[in-house]
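[1] got a predicted structure here, sequence first:
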Amino acid sequence: MTALIARIVGLLGALAAAVGLAALFVAPELPGLRTLALMALVGLGSWLYLDWPALSRWAASHGGMESARAGLLILVGAGIAIAAVVLVERQPLRWDLTPQKQHSVQPRTAEVLTSLAGAPIEVLGFFGLGTDPIAARHRARWQALASAFADAGPTLQVETFDPDVSRRRADLEGVTSNGVVIVRRGDRAERIYAPDENSLLHAIVRVANARDRGVYVSTGHGERSTTDITSTSLTDLQAELAALGLAVQPLDLTRSDVPSDAAVVLVVDPTVPLAAPSIARLDVFLNRNGGLFVAGEPGSETGLDALLQTAGLGLGPGLVVDPLVRSVTGDASTPMVARYGMHASVRDLRAPAILLGASPVVRVEHDPLAATVHTLALTSDLAWAESQPAAEPVTQGDGDLAGPLALLALGERHPEGKSAGTIVLSGDADWLSNDGLQSAPNRDLVVRILGTLAQQDDLIALPPRPPLEGSLAMDWLAQVIVGLLALVVLPGGCLAVATGLWLRRRVAA
Amino acid sequence: MIWHIARRELLVRLRSPFAWVVAGTWLAVQGLMFTLILGLYLQAGSGAADLEQEGLPLLSGLIEPLYSAQSLLLLLFMPLLSMSLLAAEQRGGTLSLLLSSPVSTLEVVLGKWLGLLGYVSCLLFVGGALAPITLVVFGDPPLAPMAGAALGLLLLAAALSALGLLASALSGSQLVAAVVTWTTSLGLWLLAVLEAGDGPFAALGRHGSLLVHTRSFGRGLVDGTDVTWLIAFAFVALLAAWQRLESWRWR
Amino acid sequence: MIEVQDLVRRYGDLVAVDGLNLSVRRGEVMGLLGPNGAGKTTTLRILCGCLGPSSGSVQIAGFDLATESRQARASLGYLPEQPPLYDDMSVAEFLDYAARLRAVARAERADAVERAMERTGLLEVRHRLIGQLSKGFRQRVGLAQALVHRPAVLVLDEPTSGLDPAQMASMRELIADLRGESTIVLSTHLLSEATSMCDRVTILAGGRRVATGTEEELRAQLLDGQRVRIEITGELAACSEALGKLEAVRSVDLGDRAITLTLTQGTPDTLAAVNSVAAAFGLVSSRPADGLEELFLRAVDPQ
């Protein structure tokens, strides 16, 4: 009877110990851990004390000794196995068997990564599995990239999170969507979207070099304010960028050059056209591979047409009208983004941003070798650019540009094959204002675009990878033969042998 | 001695109609998966040709799915193949023949394990030879990743058969042994879902999951950690099976 | 050939073998006799290495089973109560496997298998699957696997149980045939079988040894506290009086025609003393009042 009670008490003690140990790992902040530990101690102790005769008899018996020895041996074996795995995990022991070495970083990347010194750099990827096969593919691609980087860079701490599962972590880092990578050392952080080897390496290098790069908002031409808090000012945008570690400062282009730490310059809705000296200063900045964001308003003159043209961009005539949007916003002249482009800055964006009265962005005549244009956001096919917005009812006229129209486009300047800055052009400035940024898709869009612009860097240029090897060509006859072999001949052969053996046994019996 | 015990395992499986029925079912499922994956790949390839795009790479489009299918097949069939290893000896009283022979229990365990591994390797590499042969005859696949995938399958088979052997040693009933192998291996496989989160559970998923430690073989990447993990897994399972067998002397 | 010293085997709190000492000489056939639960099977399983002893030591052919386990096991063949057979192997295959397990050299393996089949009369069924054989043949295959490597020691656990009388007789013949070639230890719960097949018999009860020896020696050992019936031609009363004076005699029971004595100890000396006293009264016969069977039953079950 005593032994029975002792064993029950001991079992409860062991249970308390197990729960306590599990809690210690999962949630060490939980209260009551001490109580659990005390319960475990008392339970196990009283079991040992009360059940001692049976225990000592068991321990003294040959079988008891053998069981204890076997248990110990298995524990030691498991310990050795775990130690071996941990030891190997710390060594960069990997064999990339693909002919293109697609699981390894390129030699140049490896060189840069191994030369990184100092404190470890955190690389946090937010990639959910979701239910979407595309999301899963992006996650797999990221994981391959992450493990290749982790393998090549001893100072990198690479982790992957599913933002849907690790909500707390995602909130903490301010991550709202899939496909975000945060690279951070200390209080310096960079965000990249749709990462590849190039962009990830650049982000790491920028974080490691600890060079402060800022965003400058041009002033002096009647642009939107960054200080007054009104519905049309840019104070919310400033706050959003500050949250990403990008300091926003005003810059009077009429008086001073663009500072050397500038990564992006914003020109938002100048009511006075920019003068030649200001434009020259912007050109110098762009030639340093800077990023320029220009947001105009329908009908207003920015004076930047010539500069924009060097990137193949321009603002078209008229006001974008999209009848499809009327059903959503009630106003056809607040175009909604119907489709995002394939550029890294907008890839994976889904929710439509809403503009508030926009000019269409157009591709202008340019030297294809000197600039490349990427459309970032498009209207629906039904939209057009209305040249007479005052007329009622609004209908598409003959001279009006037909949809789909570009709402946002990005132009890369590369005269003579050398990178010379990137310009993003929008035909609307209101979507960046405090009013416009109340919409979450607008916030995501501007943050992504400015984040990408801030990362243009020509530190390292990685050569493109060789194309993947291997091909397979089968005509229908070959397919049928292989299918027959796989589905009929091989399994059937096995079943025939089975039947033969069975029959032989029957005959023998 | 190890060889004699392994040889008997192989011999009996070659002579048993049941084992051939299992092999036939294995080949049928394998063939179905192969033709489906091949069909999908070729269809995607012809679609890409219409759009004048680059076709799907052979590695991620065909070799990796085939590897995944084979490892899934192993996971599903291994309990059926391993359940009888020691459970039947226990039930049938033939264990006393092994225990009274000048054979150590370690040799018995290793012999049984190698015997099963040999049989499973036959299923994998002889029964499954159609896929690589098709690839080589009708295309020019990268050979090194295929060898890596084969290594991954062999290691997975080694780990799973050690687990099956342990389950078979723990239980006198073949059914219980099969169910235990199934649930344990599937559980370890599915631990991978924890990997997406964070904290200790994600660590458990990352370090404990069978899937996490086998998937990169199919992508042409052999990671020393994975190899060690699988070998360590087999080692611990074999050690436990050995001690379990030894403990029968002391019951 | 077999030396067992102070062998103890416990299953939890149950003591199955309790301080057993046993010595079997080379070439001898030793029978372990006792009712079910006497510890026969446990003892035999320990002898052949299938079971570890709780304490005590076992030597087989000069090798200690604990420290030189492999050599010890190499020199014995074991037929458990349920023959260890793989139903999905043919007889010849199975015996070949058994020979391999017993480390029979490759060159001699085929001969050893052939010889084992010949001795046990299995040649006609050599290609049959074991699962399809009758009980008698299965028992023979079991015996064949035990002797395929010509072991110095054969351990047979109830070799005749579950067989019909004809099969039982042929199995006994097979074992008799092996006498002299191997040292044999077999267990049985039949006294007649033990005395007919074995040179010496050890009687076990409750895990302890009750008696060891040839039939006569057993009788003498078991006689302790047992009764002797004496018939004489002379006067019964006088004789009983004379016998009653003997130290070895506990009580005398005077019958119509015979005297029944209860002895304190059953050694041959006591019997001789009794006989010499009775001879003076014209001894006709002096024999135990009970048969060996009854002695055996009384020995293994004191109630």
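    Sure thing, it's come through.

[2] and the gap between the residue most central in space within chain A and A:N209?
    Centroid-nearest residue in chain A, with C-alpha atoms, centre = their mean: A:V180, separated by 2.0 Å. As judged by C-beta to C-beta, to the nearest Å, A:V180 and A:N209 stand 22 Å apart. Yep, even glycine has a C-beta here, placed from its N, CA and C like the rest.

[3] distance of B:G152 from B:L210?
    11 Å.

[4] residues from the stretch 101-250 of chain B in reach of chain C?
    B:S101, B:P102, B:V103, B:S104, B:R249, B:W250 (C-beta under 8 Å from any C-beta of the partner chain).

[5] quick check: the farthest pair among those residues?
    B:P102 and B:W250 (19.7 Å; C-beta to C-beta).

[6] what does the stretch 1-150 of chain A put close to chain B?
    Close to chain B, as judged by C-beta under 8 Å from any C-beta, the stretch 1-150 of chain A has residues A:25-26, A:62-63, A:66-67, A:70-71, A:73-74, A:77-78, A:81-82, A:84-85, A:88-89, A:91, A:93-99, A:102-103, A:128-129, A:144.

[7] hmm, stretch B:213-221 in reach of chain A?
    Yes: using C-beta under 8 Å from any C-beta, stretch B:213-221 reaches chain A at B:S216, B:R219, B:G220, B:L221.

[8] which one of those is nearest to C:V104?
    Closest to C:V104, out of all of the residues of stretch B:213-221 next to chain A and judged by C-beta to C-beta, is B:S216, at 47.4 Å.

[9] now the nearest residue to the closest one once chain neighbours are set aside: how far from C:H127?
    Nearest residue to B:S216, sequence neighbours excluded (C-beta to C-beta, 6 or more residues apart in numbering or on different chains): B:D223, at 5.5 Å. Distance of B:D223 to C:H127, computed by C-beta to C-beta: 51 Å.

[10] look at those two and report which has more neighbours.
    For B:D223 versus C:H127, neighbours defined as other C-beta atoms under 10 Å in any protein chain shown are more numerous around B:D223 (22 against 10).

[11] ok, that one - contacts?
    For B:D223, the contact set (C-beta atoms under 8 Å, 6 or more residues apart in numbering or on different chains) comprises A:L93, A:R94, A:W95, B:S216.

[12] between those residues, which sits nearest C:E235?
    A:L93 (105.7 Å).

[13] wait, isn't the closest one in contact with B:D226?
    No: counting by C-beta atoms under 8 Å, A:L93 stays clear of B:D226, with 9.7 Å between them.

[14] more neighbours: which of those two?
    Per other C-beta under 10 Å, whichever of A:L93 and B:D226 has more neighbours is B:D226, with 25 against 15.

[15] identify the residue spatially nearest to that one, adjacent ones excluded.
    Of all residues not flanking B:D226 in the chain, B:H213 sits nearest, at 4.6 Å (C-beta to C-beta, 6+ apart).

[16] now A:G299
    A:S359 (7.9 Å).

[17] where does the stretch 1-150 of chain B have low pLDDT?
    Where the stretch 1-150 of chain B drops to pLDDT under 70, the residues are B:45-56.

[18] how about a cut-off of 50?
    For the stretch 1-150 of chain B, applying pLDDT under 50 flags the ranges B:49-53.

[19] tell me the residues on it that lie near chain A, please.
    Counting by C-beta under 8 Å from any C-beta, the residues of the stretch 1-150 of chain B near chain A are B:15-18, B:20-21, B:23-25, B:27-28, B:30-32, B:34-35, B:38-39, B:41-42, B:45, B:54-55, B:57-59, B:62, B:127, B:130, B:134-135, B:138-142, B:144-145, B:147-148.

[20] which ones among those residues are found in helices?
    B:15, B:17-18, B:20-21, B:23-25, B:27-28, B:30-32, B:34-35, B:38-39, B:41-42, B:45, B:58, B:130, B:134-135, B:138, B:144-145, B:147-148 (DSSP state H).

[21] only whichever of the residues of the stretch 1-150 of chain A next to chain B are buried, select them in PyMOL.
    In PyMOL, this line selects whichever of the residues of the stretch 1-150 of chain A next to chain B come out buried by 16 or more other C-beta atoms under 10 Å in any protein chain shown:
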select buried, chain A and resi 62+63+66+67+70+74+77+81+85+88+89+94+96+97+98+99+102+103+128+129
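
[22] quick one on the thing from earlier: quick check: ChimeraX command selecting the buried ones in the ones in helices among the residues of the stretch 1-150 of chain B next to chain A.
    One line in ChimeraX is enough to select the buried ones among those; burial here means 16+ other C-beta under 10 Å:
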select /B:15,17,20,21,23,24,27,28,30,31,34,35,38,41,42,45,58,130,134,135,138,145,148
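
[23] at which residues are the strands of the stretch 51-200 of chain A located?
    A:94-96, A:121-126, A:156-161, A:180-185, A:188-193 (DSSP state E, counting those that start in this stretch).
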